[in-house]
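# just a sequence and a predicted model for now, questions to come.
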Amino acid sequence: MIEIVDLHKTFGETKVLTGINLKVPAGSTCVILGGSGSGKTVLMKHMIGLLKPDSGKVIIDGDDIVPMSVTQLQQVRGKFGMVFQAAALFDSMTVFENVAFPLREHTKDSEDVIRQKVRARLDLMGLKEAVEGKFPADLSGGMRKRVGLARATILGPKIVLYDEPTTGLDPITTDYVDDMILAAQKGLGVTSVVISHDIASAFNVADQIAFLSKGVIVENGPPEQLRESKHPAVKVFLETWFGKN
Ligand SMILES: Nc1ncnc2c1ncn2[C@@H]1O[C@H](COP(=O)(O)OP(=O)(O)OP(=O)(O)O)[C@@H](O)[C@H]1O
């Protein structure tokens, strides 16, 4: 579903990505791990065409998006749902209106259909009907993330990108968010890319973990492979984490 081929990106003097190769098969979850400033967000921005590489290919569902025009890119972006760090909900809208928003913008669905779709999606995220009338400010961080995912997936995207979905959450809420990512994969069949520096969460949700260090992917495979990695950057990262917990 996603294939990155020999991707390079430099900002001024800073070489951020220096030859990234990555394949994410349809219906699977890939977690991109790496330290602060290793280029995770820059890589994700290339996946939706928000940044143009210096060289390399970004193949989404069979098409290289690098040479695409803005109009073509907009069509490709229709395949994506995105869940950003702050869950970016509209504060002045209720949960129901937040989740219904993409349907009102992009479909001609009747009120009845919208109601059914919103309820079904909130249900999948484990959110009860009573939550529908609340405003984002009245929800916990974890609930806001789940509403964010309900909204990001309401149009049935093929791919969902999560930018640090568990940052700043307590361990129990982190578990909820992990469950939600798994529910989106199993219940909706979406292909997911998750940017994270939370190893526990990565091991919970990933089919594949790609470890980014100094602009390249130094380890890539199932979670067990990462655990046994001999690469110094991966070892230090894992030791720091396991030492800390
Ligand atoms: N638009 C930009 N212009 C110049 N430099 C940039 C730009 N965007 C990112 N960078 C640089 O690219 C490097 C990687 O940034 P990126 O945000 O991808 O890191 P990250 O791995 O997502 O880090 P974190 O975990 O802290 O979010 C950093 O050195 C950053 O300063």
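Nice, I can see it.
# residues of the protein that sit close to the ligand?
Proximity of the chain to the ligand (CB under 6 Å from any ligand atom) is limited to residues 11, 14, 16, 34, 36-42, 197. Yep, even glycine has a C-beta here, placed from its N, CA and C like the rest.
# and the residues you listed, which are buried?
In the residues of the chain next to the ligand, burial by neighbour count holds for 16, 34, 38-42, 197, counting by 16 or more other CB atoms under 10 Å.
# doesn't Leu22 make contact with Lys40?
No. Taking CB atoms under 8 Å as the definition, Lys40 is not a contact partner of Leu22, at 11.7 Å.
# among the buried ones among the residues of the chain next to the ligand, which are located in strands?
Secondary structure of those is defined by DSSP state E; positions in strands are 16, 34.
# can I get the buried ones among the residues of the chain next to the ligand in JSON lines including pLDDT and distance to Asp163?
As requested, those are arranged in JSON lines below (pLDDT from 0 to 100; distance: CB to CB, whole Å):
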{"residue": "Val16", "pLDDT": "96", "distance to Asp163": "16"}
{"residue": "Gly34", "pLDDT": "90", "distance to Asp163": "13"}
{"residue": "Ser38", "pLDDT": "90", "distance to Asp163": "14"}
{"residue": "Gly39", "pLDDT": "92", "distance to Asp163": "13"}
{"residue": "Lys40", "pLDDT": "92", "distance to Asp163": "8"}
{"residue": "Thr41", "pLDDT": "90", "distance to Asp163": "7"}
{"residue": "Val42", "pLDDT": "93", "distance to Asp163": "12"}
{"residue": "His197", "pLDDT": "81", "distance to Asp163": "11"}
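# state the pair within the buried ones among the residues of the chain next to the ligand that is farthest apart.
Across these, no pair lies farther apart than Val16 and His197, at 16.7 Å, counting by CB to CB.
# show me the chain divided up by domain.
Per the record, the chain has its domains at 2-79+161-244, 95-156, by automatic domain parsing.
# distance from the shortest one to the middle of the chain?
Put simply, domain 95-156 sits 18 Å off its chain's centre (CA atoms, centre = their mean, to the nearest Å).
# now the end-to-end length of it.
This stretch, domain 95-156, spans 18 Å end to end (CA to CA, to the nearest Å).
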